Every structure is written in C-alpha cells, then in structure tokens.
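1. Prediction below, plus the sequence it came from.
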Amino acid sequence: MMKASLLTLFACLISSLSWCQTDGMLFNYMGMGASTALVRDYQSIGINPANLGYDTDYKLSFEIGSMGLSVYSEALTKEEVRYFQPTGGEQLTQEQQAAIAETLLQDGFQTDVFVRPVAFGFDLGNAGGLAIGLSVTANQSFTLGSEASNLLFQGFNYEGYIDTIIIEDTSNIYGVAYEPLSLAGLTEGTSLHFNLRSAASIAWGRRWFASDHLNIYAGIGLNYIMSYGWLDFRSQNEEIVGQAALGLDLVNSPDYIETFDPNQQPLQPVGTGFGFDIGFSADLGEDLSVGLSVVQIGKVSYDLNTLVFNNIIVDTIYFNGINSTQTLDLVSELLDGEQLLDYNGIERFEVPLPTALRAGAALKMSDMLTLAADISLPLSSTAQDFSSVQAGAGARLTLLRFLQLSGGLTAGGNYGFNVPAGIGVDLGFWEFGVSTRDILVFLGQSKPTVSYAIGVFRFKI
C-alpha cells in the first residue's frame with residue numbers, strides 16, 4: 001500500500017512537469033534525463049551538494065577523462081548539424097553556404113561540450129562527504145536574423161544586399177551596398193554567444209537529521225571559475241548589445257590587440273570569478289528521495305582583451321562568406337579587420353553565472369527499477385547554457401546486477417523534445433558507459449540533437 005501511494009505521488013510530480021532537463025554530461029545519468037535526487041560522490045558537484053551526505057558502499061571514488069557533447073538545431077538535419085561541432089568542422093562549398101543560410105533563418109543552433117579531466121569523492125563517515133574536481137565547458141548558441149544569416153554565409157556575394165562587387169586585385173575584393181543599413185538593422189533578431197571556461201570545484205554535504213521515516217541532508221559547493229573566452233552579441237530593437245573577452249591564443253585576429261588591456265599569453269584566463277552551490281535532500285521513507293538546489297550563484301569579472309560592440313553603417317563587405325563553422329574560426333573572421341563587426345576596448349565588465357533552481361525526485365521501485373524526475377528553472381538572464389525551463393523524467397533498469405539500461409523523456413531549455421537513453425556497466429569498483437541526449441537522432445533527420453556522454457575510468461574503492 002505504501003509503495004502504491006509513493007508511485008501515485010511520483011506520477012503526480014511527473015505530470016506536473018511541462019519541460020525537461022537532460023543533465024549535463026554525466027554518462028550514467030544523461031540517459032535518464034534526471035539526476036538531482038540520484039547523484040552521489042563527486043558527481044554531485046554542480047547538481048546537488050547535499051547528496052554528498054549519503055552513505056555509500058565505498059570510501060573513495062574518482063574519475064579520469066569523462067566527456068560529453070551536444071549539438072542541436074530545429075532548422076538543420078542531422079547531416080548538416082555536424083558542420084557546427086566545435087571540432088572537426090568541414091569546409092563548406094558556396095552552394096552549401098547558401099543552403100545552410102536559408103535553413104538557419106531565425107532558428108539557430110546550440111552546442112555544449114563538457115570535459116572532466118579528474119574528480120575525487122571522499123566518504124568521511126559521520127562528517128559527510130567531500131568532493132573535488134576539475135571541469136572544462138564550452139557553450140555556443142547562434143540565432144541569426146534573415147539578413148544576417150545570408151550575409152554571414154554569402155558575404156559580398158549576397159545579392160539581396162550587395163549591389164556591386166569591386167575587384168581591385170586578387171587580394172582586394174569587396175562588395176558595396178548603395179542603400180546601406182545600420183549593423184543593428186541588418187542583424188535584427190540575431191544573437192551570437194560563446195563561452196569557454198574551466199572550473200576548480202570543491203563541495204561538501206552531510207546528513208543533519210535522521211529517523212526511521214525521514215532523513216535530511218544539506219551541502220554547499222564552491223567553484224573557482226577561469227574563463228578563456230566570452231562573446232555576447234545581440235541585435236534587438238535597433239540597438240547593438242554585447243561584449244566580448246577572448247584569449248588571443250584562441251583567435252587569429254591581428255586587430256584584436258586594440259582592446260583596452262591586451263594580453264597574448266597562451267591559456268591565461270581573460271576573466272575569473274566564484275560560483276556557489278547550495279543543496280538540500282530528503283529521504284521520505286525507504287523508497288522516495290527528493291532534492292532541491294540552487295547552483296551557480298555568482299559572477300565572472302572580465303578585465304583582459306575586453307571590448308564592446310558598436311552600431312555602424314554597413315556599406316562595404318570585405319569577406320565572401322564564412323568558409324568554416326568551427327566556433328573559433330567564426331569568431332576570428334567576425335572580429336578581423338574590415339569585416340562585419342565594429343568594436344572598441346573597455347576596461348572591464350561582469351557577467352552573472354547562469355544561476356538555476358533545481359528540483360528532483362527519485363523512487364526506487366525495486367532493486368532492478370528506479371524512476372526519477374527533474375525540473376530546472378533559470379534564475380538569471382545570462383547569455384549562456386539554457387534560457388527557459390527544463391524538465392525530464394526517466395527510468396533505470398538494472399539487469400544481471402551490473403548492466404544498467406536507462407531511458408526517459410526530456411524537453412525545454414535550448415534542446416526541444418528529446419528521448420535520452422543510455423547503457424552502463426557497474427562492476428562495483430569500476431563503472432563505465434555511454435549515453436545520448438536523444439536516441440531519436442538515429443531514427444530521423446529533422447530537429448536533431450547529436451549528443452554523447454562517455455565515461456570509461458570511473459572507480460569506486
């Protein structure tokens with residue numbers, strides 16, 4: 001009777017979720033689409049530090065080299081999305097440029113990359129649990145207005161804006177518009193965002209109350225953030241809004257040294273800051289767990305290679321369209337001399353972290369089956385990660401005591417509707433697996449989410 005009541009409560013929670021979250025890039029949770037009430041040890045970092053207070057069957061956990069990648073667009077097919085992956089982008093023919101420009105009109109795409117070089121979790125007994133870890137993330141999202149899309153991919157070959165092409169010599173070719181628009185008017189509805197950063201994290205959590213039917217946990221986390229690149233460009237209401245700070249070792253732009261405080265040292269952060277996480281969890285009976293957390297509370301301050309974008313009249317175009325969709329190549333082309341964007345250096349600027357409220361629940365139906373649901377609400381309006389409510393629900397089935405199969409439903413944020421799935425092997429001391437944010441990408445071509453999360457070297461001792 002108790003199990004039936006808990007199942008009813010869990011079903012009500014799932015039915016109340018209108019959106020979905022696929023969680024980060026954890027190979028053993030992405031396939032469920034939920035993790036706030038489930039993660040343990042160092043995997044609690046950035047999700048719910050309270051879960052470090054849970055007792056585990058091991059005293060030490062660590063991981064080396066897990067990673068994940070997601071690329072999504074409502075406009076592109078699965079074949080076309082591969083051009084926009086952060087690495088391995090292919091050169092585009094002129095015909096491909098024109099075709100992709102058409103499909104990107106006002107739809108855009110989102111790319112996320114996550115790498116965890118190393119992380120450790122320690123079970124401290126009655127003192128709770130401690131976790132430390134390093135991570136590297138890269139996020140980009142592009143939404144292009146109609147004119148901006150055509151101009152970006154076709155350059156001075158765009159007949160809808162350019163009236164004549166001037167050829168002074170083979171190295172000096174440009175297009176001229178007889179009825180030029182301002183940059184804001186030309187790029188109306190366009191937003192370009194790029195973020196590359198690393199974080200050194202430490203988190204701690206413990207159990208604060210225990211009884212036969214209720215256990216309460218709480219925890220905190222601290223993240224020291226080092227940003228190597230930030231780009232935020234938006235064109236709205238006839239105005240240009242945006243700032244940037246990019247490491248010069250990441251872009252190939254000779255004029256970029258005109259920023260306020262230029263720095264050319266390789267791998268030196270252009271911005272630093274702190275982020276805080278706070279979380280709470282509770283066990284309601286033996287089978288139902290709930291979690292609530294607020295993560296990424298803080299900001300990053302940029303003071304190297306900082307610039308602000310200006311609104312100008314665009315009457316001359318000196319490039320013939322983007323010939324690569326690798327993010328940094330794109331940024332280099334846009335910022336290079338006599339291209340499309342105009343900017344000047346500023347002393348510094350600050351960017352709030354993408355603070356989010358997370359809530360989740362997990363119901364253990366048996367030793368073989370666990371159900372889970374999550375919801376995540378953005379609390380800040382920063383130009384990164386996700387811009388709307390995300391939610392999700394899923395299940396994990398354990399077979400033969402070590403084989404784990406997971407699946408779920410997700411929607412919201414920047415990724416639309418997805419069906420995540422994953423497979424993992426947990427041998428007790430060694431865990432590995434792979435998952436995808438959307439298994440439907442293997443069945444169709446439209447609105448693809450090409451995503452993978454892979455972990456091979458996760459150990460528990």
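-> Nice, thanks for sending it over. Numbering: from 1, shown residues only.
2. out of everything not next to it in sequence, what's closest to T436?
-> S451 (5.4 Å; CB to CB, 6 or more residues apart in numbering). From N, CA and C alone the C-beta is placed, and that goes for glycine too.
3. Wait, a strand at the one you found?
-> Yes - using DSSP: H, G, I helix; E, B strand; the rest coil, the assignment for S451 is a strand.
4. can you pull the contacts of it?
-> If you count contacts by CB atoms under 8 Å, 6 or more residues apart in numbering, S451 has them with T22, M30, G68, L69, S70, V71, Y72, T436, R437, D438, V441.
5. what about the third one, which SS state?
-> Under three-state DSSP, the three-state class of G68 is strand.
6. For it, give its distance to Y29.
-> Distance, G68 to Y29, by CB to CB, to the nearest Å: 11 Å.
7. More neighbours: which of the two?
-> Neighbours were counted for G68 and for Y29 using other CB atoms under 10 Å; Y29 has more, 29 against 24.
8. quick one: low-confidence ranges for the protein?
-> For the chain, the stretches with pLDDT under 70 are 1-24, 74-107, 248-266, 323-339, 382-387, 414-415, 444-448.
9. Which strand runs longest in it?
-> strand 214-236 (DSSP state E).
10. So which elements touch that strand?
-> strand 191-210, strand 239-246, strand 271-284, strand 288-302, helix 327-335 (3 or more CB pairs under 8 Å, 6 or more residues apart in numbering; DSSP states H and E).
11. Please write out the alpha-carbon positions of the first one in CSV.
-> C-alpha atoms of strand 191-210 as CSV (Å, rounded to 0.1, in the frame of the first residue of the first chain):
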residue,chain,number,x,y,z
SER,A,191,22.3,36.7,-31.2
LEU,A,192,25.7,35.1,-31.0
HIS,A,193,27.0,33.6,-27.8
PHE,A,194,30.2,31.8,-27.0
ASN,A,195,31.7,30.7,-23.6
LEU,A,196,34.8,28.7,-22.8
ARG,A,197,35.8,28.2,-19.2
SER,A,198,37.3,25.8,-16.7
ALA,A,199,36.4,25.4,-13.0
ALA,A,200,38.1,24.0,-9.9
SER,A,201,35.4,22.8,-7.6
ILE,A,202,35.0,21.6,-4.0
ALA,A,203,31.8,20.5,-2.3
TRP,A,204,30.7,19.1,1.0
GLY,A,205,27.5,17.6,2.3
ARG,A,206,26.3,15.6,5.3
ARG,A,207,23.2,14.2,6.9
TRP,A,208,21.7,16.6,9.5
PHE,A,209,18.7,14.7,10.7
ALA,A,210,17.9,11.0,10.8
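12. Which strands border it, and is each parallel or antiparallel?
-> Applying DSSP bridges, strand 191-210 is found paired with strand 129-143 (antiparallel), strand 214-236 (antiparallel).
13. Turn those strands into CSV, columns for mean neighbour count and distance to S406.
-> Converted to CSV, these look like this (neighbours: other CB atoms under 10 Å; distance: least, CB to CB, whole Å):
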stretch, mean neighbour count, distance to S406
strand 129-143, 21, 22
strand 214-236, 21, 24
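14. closest to L192 out of those?
-> strand 214-236 (4.2 Å; CB to CB).
15. how far off strand 288-302 does the closest one point, in degrees?
-> 40 degrees (axes from the mean of the first three to the mean of the last three CA atoms, to 10 degrees).
16. coming back round to it: tell me which of the helices and strands packed on strand 214-236 lies nearest to T36.
-> Proximity to T36, assessed across those by CB to CB, is greatest for strand 288-302 (4.3 Å).
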